[in-house]
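> please work out how this folds:
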Amino acid sequence: MRNPVSELARTLPHAARVLVALVVVSTVLLVTAGTGAAAQAARVEPNQVSFGLLGPVGLAAVLIGIVGMTAGVLRQRRRAREATPHPHVTAQAPADEPVLTTTRHG
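Residues are numbered from 1 along each chain as shown. Just a heads-up that it's a prediction; the model follows:
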């Protein structure tokens, strides 16, 4: 039987952490809302040198992300292949027992 006091003791700290995180995020969003509007008003027209979001650093980040995702997929496939038994290592039914089939006789 589970102790209900221990479950409550685990739930309250978790709820407190979630509440603190929500308060911090809300406060940051409310405080920085005015600075975002001020930065938009002070923006100058972009010139010919601006790369936008896909500058050299952005392209490097995208390439690193694609390489990382590919490595992760290959790693998961290798793990799945190692976890499944090889088809030639299957258990054989003893010769004196009848082999069950999926067909009905009737």
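> how much space between Glu82 and Ala71?
Shown here: Glu82 relative to Ala71, a distance of 16 Å by Cβ to Cβ, to the nearest Å. Placement of C-beta: from N, CA and C, glycine included.
> can you pull out the low-pLDDT segments for this structure?
For the chain, the stretches flagged by pLDDT under 70 are 1-9, 35-53, 86-95, 97-99, 104-106.
> what about 90?
1-62, 80-106 (pLDDT under 90).
> now do the helices in it.
4-41, 56-83 (DSSP state H).
> redo the ones you listed as JSON lines? Include mean neighbour count and distance to Asp96.
Listed next are these as JSON lines, based on neighbours: other Cβ atoms under 10 Å; distance: least, Cβ to Cβ, whole Å:
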{"stretch": "helix 4-41", "mean neighbour count": "9", "distance to Asp96": "54"}
{"stretch": "helix 56-83", "mean neighbour count": "10", "distance to Asp96": "33"}
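> same list (these) but as CSV, adding distance to Thr102.
What follows is the helices of the chain, written out as CSV (distance: least, Cβ to Cβ, whole Å):
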stretch, distance to Thr102
helix 4-41, 47
helix 56-83, 27
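> can you list the domains in this structure?
What automatic domain parsing lists as the domains of the chain is 9-40, 53-82.
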